[in-house]
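In: Sequence below, structure please.
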Amino acid sequence: MLTDQQIKNRKKGIGGSDAAAICGVSKYKSSLQVYNDKVGDSSFNNDGNINTEIGHALEGFVADKYSQEMGVDLVESEQTHLHKDHPFLIAHIDRGIKGKRAALEVKTTNDLLYKEYWGEEGSDSIPMDYLMQCAHYSNVLNLDYIDIRVLVIGGWKKEIKSFRYNKNQKLEDSITKKECIFWNENVLKNISPPASYLEEIKEMYKSVDSSKSVSINNDILNALKKQRKLKALIKQAEQELKGEQKIIFGAMQDSESIVDIDGSKLFTWKSQSRAGFDKETLQKENSELYERYVTQTSFRVGRETKNLKLLLEDN
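Out: Okay, here's the model as predicted:
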């Protein structure tokens, strides 16, 4: 688990968990999010979720099992390692392996995610975020290999699976090149990288200048055409879905499930409750309290105009 000082150090350089995002292959964050973390007010959340906490709690146990199995001594350190040529490339490894140019990384996952994202045991067929992290660490510390032990949790069953990343200089050079460009051209020059996701674009441009407009071009026109077609397909699919659901729920009536000839449940339609908030009643019975806590939010809405409809019909 990262210490408070290590968390502060992360903002001063590029760490292993940043590598996949900077290279555009992360499932969890984008290069823009990494940029904002380095230059903005955002801070790394060290609390994580319950799975992260479990992983941290069991890291020592998995490391001890590895040490016994492999007959090696492990070194745990809070040191922040720096690349010899690019000191803004940093690494915080879980364990060093004494007497070898190698390290141990401990991960935790559940059995469903393991089956989906992890490959053949003993190989480097691991989730892309972890692969890029290992390549980054290998490059910063000039390691020969990194062993990965993943604790797979599924119900009462728990297994430790083994993987290994062997030094891949071509991959590491490619990652280093992208990281250097990101640090020198984006972070140091305070120029944000382009947004990778729609949500990021919306977050960046929440305010609107009514005096500004953008001239149409072929790319925008084609996107508007495709947007209209996709919306029509979604609407049609939603209508078809409702038609099929009418058949299913109409057949079930007040029955809880659909079963096969052996009585095994194939589909269920159960009652479910959730807590709700009666805004109208609160506003009516205690308007002062309502006004104290009510908040106004603003957001931008994209809508077609009559002019666009005419333009698309002509095209």
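In: for stretch 109-128, what is the average pLDDT?
Out: Mean pLDDT, computed over stretch 109-128, is 92.
In: any idea which helix or strand comes after the strand or helix carrying Leu230?
Out: Using DSSP states H and E, the element containing Leu230 is helix 218-252. Following helix 218-252 in sequence order, the next helix or strand is strand 257-259 (DSSP H and E).
In: so what secondary structure elements neighbour the helix holding Leu230?
Out: Counting contacts by 3 or more C-beta pairs under 8 Å, 6 or more residues apart in numbering; DSSP states H and E, helix 218-252 is packed against strand 257-259, helix 306-314. The C-beta positions use only the backbone N, C-alpha and C, and glycine is treated the same way.
In: Run the chain-centre distance for that helix.
Out: Helix 218-252 has its C-alpha centroid displaced from the chain centroid by 28 Å (C-alpha atoms, centre = their mean, to the nearest Å).
In: Ok, stretch 104-122 next?
Out: 16 Å.
In: Which residues does it contact?
Out: 51-52, 54-55, 58-59, 62-63, 66, 74, 93-97, 125-127, 130, 133-134, 137, 146-155, 157, 161-164 (C-beta atoms under 8 Å, 6 or more residues apart in numbering).
In: Tell me which of those fall in strands.
Out: Per DSSP state E, strands hold the following members of the contacts of stretch 104-122: 74, 95-97, 146-154, 157, 161-164.
In: Give the residue spans of the stretch 51-200 of the chain that score low on pLDDT.
Out: 51 (pLDDT under 70).
In: Quick check on the contacts of stretch 104-122: which are buried?
Out: 55, 58-59, 62-63, 66, 74, 93-97, 126-127, 130, 133-134, 137, 146-153, 161, 163 (16 or more other C-beta atoms under 10 Å).
In: how about the helices in this structure?
Out: Listed in chain order, the helices of the chain (DSSP state H) span 4-10, 16-22, 31-39, 50-70, 111-117, 128-141, 169-181, 198-204, 218-252, 279-285, 287-293, 306-314.
In: Minimum distance to Arg300: which of these has it?
Out: Between Arg300 and those, the tightest spacing by C-beta to C-beta is seen for helix 198-204, at 7.2 Å.
In: What is the closest one packed up against?
Out: By 3+ C-beta pairs under 8 Å, 6+ apart, helix 198-204 packs against no helix or strand.
In: residues touching Leu151, list them.
Out: Contacts of Leu151 (C-beta under 8 Å, 6+ apart): 55, 58, 62, 106-109, 158-160.
In: Pick out whichever of those residues sits closest to Glu185.
Out: Nearest to Glu185 among these, with distances taken as C-beta to C-beta, is Lys107, at 31.7 Å.
In: so what's Ile220 closest to, chain neighbours aside?
Out: Val214 (7.4 Å; C-beta to C-beta, 6 or more residues apart in numbering).
In: how much space is there between the one you found and Gln227?
Out: Distance, Val214 to Gln227, using C-beta to C-beta, to the nearest Å: 15 Å.
In: So for these two, which sits in the more crowded spot?
Out: For the pair Val214 and Gln227, the greater number of neighbours falls to Gln227 (12 against 6), based on other C-beta atoms under 10 Å.
In: now the more buried one: how far from Leu312?
Out: 10 Å.
In: same question, Leu233
Out: Looking at Leu233 against Leu312, where the rule is C-beta to C-beta, the gap reads 16 Å.
In: Between those two, point out the one with more neighbours.
Out: More neighbours surround Leu312 than the other of Leu233 and Leu312, with 14 against 10 (other C-beta under 10 Å).
In: hang on, that one packs against Ala223?
Out: No - Leu312 is beyond contact range of Ala223, at 11.7 Å (criterion: C-beta atoms under 8 Å).
In: so what's the closest residue to Glu179 other than its chain neighbours up against?
Out: Spatial nearest neighbour of Glu179, chain neighbours left out: Ile14 (5.1 Å); criterion: C-beta to C-beta, 6+ apart. Residues counted as contacts of Ile14 (C-beta under 8 Å, 6+ apart) are 22, 34, 88-90, 136, 179, 182-183.
In: Now flag whichever of these is closest to Glu291.
Out: For those, the nearest to Glu291 is Val34 (40.4 Å; C-beta to C-beta).
In: and the closest one, how many residues sit next to it?
Out: Neighbours of Val34 under the rule other C-beta under 10 Å: 24.
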